[in-house]
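Peer 1: Generate a structure from the sequence data that follows.
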Amino acid sequence: MKMQTSLTSIQLIFFIIQTQIGVGVLGLPFSVFSVSKNDAWLSVLLAGFIVQILIVLFWILGRRFPKKSLFQYSRQLLGKLAGSMVNISFILYGVLVTALILMYSTAIIKTWVLPLTPKWIVMFLLIFTAIYLGKEKVAAISDVYVVVSSLIFFLLLISVVVLVTYPIEWRYLLPIGQSGGVQILKGAKEAYFSMLGFELLLFLFPYFQHNGERSVLYSASIANLFVTLTYTFLTVVSLITFSPEEIVIVPQPVLYFVKSLYLQIVERIDLVFMSLWVVNVITSLTSYLFLSTEGSIHTFRWFKRKRYIYTVLIGMMAFVIALIPGKEGEMEIYNKMVINLSYLYILVIPAILLSISYLFKKAERGGGA
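Peer 2: Now for the predicted structure:
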């Protein structure tokens, strides 16, 4: 793999942040509250802690093959046939997650901004933009992510304004822990979907390993900490803004409390918020297109030096899949299917590969054993 040594730890941090923060940021408080009630913020923190454990697992695996991504050392550990099957399954995983992000973001955009616009047009505009960026290499994508990450702070700033101007009730958070450990854990499972994106460390490690193995771990951990605290903050703001009776009927509480703001210089601040949020949706789409594109390049080798062909084909596949679910119930079924599949790719396969690498003492020369 040709390394891009100009890449920095800052770029890795924002690459993971931009992948994790996406469509889930708007509905996270609602989905978690439906399970763990006023302890939803504890569930988000717990989810972030679990994600951190997985990041350490990915780091331990990556440092054994510092100059290779999972698409390369999977064949070394499992053999050419089994390794290729694992690679193809990861490619399909990237396609499925891309389609999931696409369908949910389109549903929100149609509900709040473009109710009369056919959904295929909204989806096409989103996926076209993601393809345009996703066909580039890591360096170009990372540079864009660093620039647009400043928009996240505007999202947080708007939420801070809510705390200052909107009547809030801190007692909605009390008593702490009344939901019980089991419900808080189930709530963490709900928050987990919104934090997907950290698994790209499995494929980004070789691009950033020149900064040092510890730097890679620190960068991924900082990104996860930022995302966890951001989601926790938005959850707390939602919980103290809406009563328990209100929040259960508000599917996107973040948008609703932003809409309640009144600023003389901006009539519909929720539309401004949506405009900033769409950028995060596109970056999440781009990251998973990048994942599948990288896998296709290492697995098939059909179009040498023409990675954009893979990106276009993968983007169109995701576009077609996203068009299939027509009702909300069908989207929920698809959502559960993808979440259940993600456990295989985020926990089971990396754990198996790590176990094999230690059991048979396989590691890249120069890598940590």
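
Peer 1: Output the below-cut-off pLDDT ranges for this structure.
Peer 2: By pLDDT under 70, the weakly predicted segments of the chain are 1-5, 263-264, 303-305, 364-369.

Peer 1: can you rerun that using 80?
Peer 2: Applying pLDDT under 80 to the chain flags the ranges 1-6, 162, 165-166, 260-269, 301-305, 361-369.

Peer 1: quick one, longest helix in it?
Peer 2: Scanning the chain for the longest helix, with DSSP state H as the assignment, gives helix 80-112.

Peer 1: what comes up buried for it?
Peer 2: Applying a neighbour-count criterion of 16 or more other C-beta atoms under 10 Å, one finds 83-84, 86-87, 90-110, 112 buried in helix 80-112. Heads up, the C-betas are built off the backbone N, CA and C, glycines and all.

Peer 1: Equivalent analysis for stretch 318-331, please.
Peer 2: Of the residues in stretch 318-331, 318-319, 321-323, 325, 331 count as buried by neighbour count, 16+ other C-beta under 10 Å.

Peer 1: among those residues, which are in helices?
Peer 2: Short answer: the buried residues of stretch 318-331 in helices (DSSP H) are 318-319, 321-323, 331.

Peer 1: Kindly reformat those as a markdown table and extend each row with distance to I21.
Peer 2: Output for those, formatted as a markdown table (distance: C-beta to C-beta, whole Å):
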| residue | distance to I21 |
| --- | --- |
| A318 | 19 |
| F319 | 22 |
| I321 | 23 |
| A322 | 20 |
| L323 | 25 |
| M331 | 21 |
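
Peer 1: Determine which two of those residues are furthest apart.
Peer 2: F319 and M331 (15.4 Å; C-beta to C-beta).

Peer 1: so who does W120 touch?
Peer 2: Shown in contact with W120 (C-beta atoms under 8 Å, 6 or more residues apart in numbering): L323.

Peer 1: how distant is the stretch of helix or strand it belongs to from the center of its chain?
Peer 2: Following DSSP states H and E, one finds W120 within helix 119-134. The chain centroid and the centroid of helix 119-134 are separated by 17 Å under C-alpha atoms, centre = their mean, to the nearest Å.

Peer 1: can you pull the buried residues of that helix?
Peer 2: By 16+ other C-beta under 10 Å, the buried positions in helix 119-134 come out as 119, 122-127, 129-131, 133-134.

Peer 1: Restricting to C-alpha, output that helix in CSV.
Peer 2: Below are the C-alpha coordinates for helix 119-134, written out as CSV (Å, rounded to 0.1, in the frame of the first residue of the first chain):
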residue,chain,number,x,y,z
LYS,A,119,-37.2,11.2,-2.4
TRP,A,120,-35.1,9.8,-5.3
ILE,A,121,-34.0,13.4,-6.1
VAL,A,122,-33.0,14.1,-2.6
MET,A,123,-31.1,10.8,-2.4
PHE,A,124,-29.4,11.4,-5.7
LEU,A,125,-28.2,14.9,-4.7
LEU,A,126,-26.7,13.4,-1.4
ILE,A,127,-25.1,10.4,-3.0
PHE,A,128,-23.7,12.4,-6.0
THR,A,129,-22.0,14.8,-3.6
ALA,A,130,-20.6,11.9,-1.6
ILE,A,131,-19.4,10.1,-4.7
TYR,A,132,-17.6,13.3,-5.9
LEU,A,133,-15.6,13.4,-2.6
GLY,A,134,-15.4,9.7,-2.0
